[in-house]
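Novice: Need a 3D model of the following:
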Amino acid sequence: MDNGESRGLTMADYVTKLTEEISSRVNHERDVFLKYLEDSGVDGQQVPYCPLVDCSPRKKYRAALIEAVRVIEETRRSFKSKQLEELRKMLQLVLAEDANHQL
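Specialist: Have a look, this model is predicted:
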């Protein structure tokens, strides 16, 4: 049974075939996932869209949190505030958890 593949493919044909197969698999997984969402009743829930792992809004939030931690640390040293220390630690925990969720 010779389907032409036993002779090999050009690099361009190989890349084309590979990307077509990947695309087909991704489309199948999307269809399965959409069916699951439909069947589970959560299809209509709203979620924020961010196409990239570290999209622009996320970068802005992280930068703001990092700056807040820096300012709180400086202020806490001046005023020896336990509340500021707790707030700083909580923000640092949020930043650490966020860093752990990145791919």
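Novice: who touches stretch 25-34?
Specialist: For stretch 25-34, contacts defined as C-beta atoms under 8 Å, 6 or more residues apart in numbering pick out Asp43. Every C-beta, even on glycine, is put in place using the N, C-alpha and C of the backbone.
Novice: ditto for stretch 57-76
Specialist: 50, 81, 84-85, 87-88, 91-92, 94-95, 98.
Novice: Report the buried members of these.
Specialist: For the contacts of stretch 57-76, a neighbour count by 16 or more other C-beta atoms under 10 Å gives the buried set as 84, 87-88, 91, 95.
Novice: just checking, which of the contacts of stretch 57-76 belong to helices?
Specialist: Counting by DSSP state H, the contacts of stretch 57-76 place 84-85, 87-88, 91-92, 94-95, 98 in helices.
Novice: Kindly reformat those as TSV containing pLDDT and distance to Lys60.
Specialist: Compiled in TSV, the ones in helices among the contacts of stretch 57-76 are given as follows (pLDDT from 0 to 100; distance: C-beta to C-beta, whole Å):
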residue	pLDDT	distance to Lys60
Leu84	84	23
Glu85	83	25
Leu87	86	20
Arg88	85	20
Leu91	88	15
Gln92	88	18
Val94	84	15
Leu95	84	13
Asp98	75	13
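Novice: longest helix of the chain?
Specialist: The chain, longest helix under DSSP H: helix 11-40.
Novice: in the following helix or strand past that helix, what's buried?
Specialist: Remark: after helix 11-40, the chain's next helix or strand is helix 56-79, criterion DSSP states H and E. Neighbour-count burial for helix 56-79 flags 69, 72, 76 (criterion: 16+ other C-beta under 10 Å).
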